[in-house]
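Enquirer: Turn this into a model:
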Amino acid sequence: MTQQHPAQPVNLAQKASLISEQWSPRVVAEMNDYQFKVVRIEGEFIWHSHPETDEAFFVLEGTLRIDLPDGPVYVAPGELYVVPRGIEHRTAAEGEAKLMMIEPRGILNTGHEGGDRTAMNDLWI
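Expert: Sure thing, here's the model as predicted:
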């Protein structure tokens, strides 16, 4: 489902505040084949990778921890981190964090791992 261009700029914090459940990314904009998604997280996600694409995380609120094979990276509000394609990773937050993710349309949040943490794709907010 392709959304119309918004008449106003997208307020990422406001869009994230509309999401009621954690670990449920929602699309707020598209550019070419890429989607911009906001998500609320708390606790730890599952280890996974995306062999076909890089994945970008921009922190809006809270602190994001990205566990990588060589150790964790901490991403503060206003900071961006890109996980390279094929690198196994796990996102986590002590306390709630709100993020924007940038990734190609159709990429599953759990990569090829699947499971009950896999979120529906192309859900707009």
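
Enquirer: those strands in this protein, which residues are they?
Expert: 26-31, 34-44, 55-61, 64-68, 71-75, 80-83, 90-104 (DSSP state E).

Enquirer: Next, count neighbours for residue 17.
Expert: 15 (other CB atoms under 10 Å). (C-beta placed from N, C-alpha, C; glycine too.)

Enquirer: Show me where this structure dips below the pLDDT cut-off.
Expert: Applying pLDDT under 70 to the chain flags residues 1-6, 108-119.

Enquirer: residue closest to the middle of it?
Expert: The centroid of the chain falls nearest to residue 101 when counting by CA atoms, centre = their mean (3.5 Å).

Enquirer: Not counting its neighbours along the chain, what's nearest that residue?
Expert: residue 37 (4.6 Å; CB to CB, 6 or more residues apart in numbering).

Enquirer: can you pull up the bridge partners for the one you found?
Expert: residue 27, residue 101 (DSSP bridges).
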